[in-house]
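*Asks:* When you get a sec, could you give me coordinates for this:
(chains A and B)
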Amino acid sequence: DAGVTQSPTHLIKTRGQQVTLRCSPKSGHDTVSWYQQALGQGPQFIFQYYEEEERQRGNFPDRFSGHQFPNYSSELNVNALLLGDSALYLCASSLPGQVVNYGYTFGSGTRLTVV
Amino acid sequence: TQLLEQSPQFLSIQEGENLTVYCNSSSVFSSLQWYRQEPGEGPVLLVTVVTGGEVKKLKRLTFQFGDARKDSSLHITAAQPGDTGLYLCAKEGRRDDKIIFGKGTRLHILP
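*Replies:* Got it, this is the predicted structure:
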């Protein structure tokens, strides 16, 4: 049973560029959440997708956008990259209403470096 | 904004020693989760505590939820190098499935 898969695993971009990160949720999960984890910090919530719509959003600028596809996979897009966007981007999947019992299942993340 | 305070931020101890890490908030939790994150990996759920005063054990790990449901602790007995990692506490939003994490305690067990 495949868990959450993210691609690419590592990425180097230049300031001002745009990037797209991809996530396939765990089989049977239909909710996808994205987190940014800066070095030495805990994960910060970016947004959550359910039924192909953004259901919740954290305190991130509009440069961060996303999408969920009918097969529940998701993309995170970041425009006009800043040096401060360098971080580990984590994707997590879950079932609605089951987070208390089962938590999130996380992927291994995409390490984004902006130079 | 991190609503969960974790302490200590870093902890480095010898194999075989015991340790306790803490998670505190000024607000009441409906539930609280502990995750462990190893280098190069995403966090993995260890336990969920729901009831005030609840104690759960996972082998050498003991998790306790405060009576007032504002704090939690994780105690590790006879720490081993395999316990090394970032320990995160997390709370679920009151009306949604969003999880908010603390900054974590980075634990290093020396062989």
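*Asks:* In chain B, what residue lies closest to chain A?
*Replies:* B:G42 (2.8 Å; CB to the nearest CB). The C-beta positions use only the backbone N, C-alpha and C, and glycine is treated the same way.
*Asks:* so what's A:G16 up against?
*Replies:* A:A80, A:L81 (CB atoms under 8 Å, 6 or more residues apart in numbering or on different chains).
*Asks:* ok so it is a strand residue?
*Replies:* No: under the criterion used here (DSSP: H, G, I helix; E, B strand; the rest coil), A:G16 is coil, not part of a strand.
*Asks:* Return the backbone torsion pair for it.
*Replies:* phi 100, psi -20 (degrees, to the nearest 10).
*Asks:* Next, find the distance separating it from chain B.
*Replies:* Separation of A:G16 from chain B (CB to the nearest CB, to the nearest Å): 28 Å.
*Asks:* Please apply the same query to A:Q17.
*Replies:* A:Q17 is 24 Å from chain B, by CB to the nearest CB.
*Asks:* Verify the stated contact: that residue with A:V78.
*Replies:* No: between A:Q17 and A:V78 there is no contact under CB atoms under 8 Å: 9.1 Å.
*Asks:* follow-up on the earlier one: what's the pLDDT at the residue of chain B closest to chain A?
*Replies:* Here, the pLDDT recorded for B:G42 equals 95.
*Asks:* Give me the neighbour count for it.
*Replies:* Neighbour count of B:G42, defined by other CB atoms under 10 Å in any protein chain shown: 23.
*Asks:* swap in the one 4 residues further on?
*Replies:* Around B:L46 there are 18 other residues, counting by other CB under 10 Å.
*Asks:* ok so, going back, looking at A:Q17 and A:V78, which is more packed in?
*Replies:* Per other CB under 10 Å, whichever of A:Q17 and A:V78 has more neighbours is A:V78, with 24 against 13.
*Asks:* looking at this, A:G84 is in a helix?
*Replies:* Yes: counting by three-state DSSP, A:G84 is part of a helix.
*Asks:* which residues sit in contact with it?
*Replies:* A:V114.
*Asks:* now B:K91
*Replies:* B:L3, B:L4, B:S25, B:F29, B:S30, B:S31, B:L32, B:Q33, B:I99, B:I100.
*Asks:* So A:N101, which state does it fall into?
*Replies:* Using three-state DSSP, the structure places A:N101 in helix.
*Asks:* Cross-check the contact I'm expecting between it and B:V50.
*Replies:* No: assessed by CB under 8 Å, A:N101 is found out of contact with B:V50, at 9.4 Å.
*Asks:* neighbour count winner among these two?
*Replies:* Counted by other CB under 10 Å, A:N101 and B:V50 do not tie: B:V50 has more neighbours, with 15 against 11.
*Asks:* Please tell me how far the more buried one sits from B:L88.
*Replies:* Distance of B:V50 to B:L88, computed by CB to CB, to the nearest Å: 18 Å.
*Asks:* Could you do B:L32 as well?
*Replies:* B:L32 is 11 Å from B:L88, by CB to CB.
*Asks:* Leaving aside the residues adjacent along the chain, what's closest to B:G40?
*Replies:* With CB to CB, 6 or more residues apart in numbering or on different chains as the criterion, B:G40 has its nearest non-adjacent residue at 6.6 Å, and that residue is A:S108.
*Asks:* residue boundaries of the strands in chain B?
*Replies:* With strands called from DSSP state E, chain B shows them at B:5-7, B:10-14, B:19-24, B:32-37, B:44-49, B:55-58, B:61-65, B:71-76, B:85-92, B:99-101, B:105-110.
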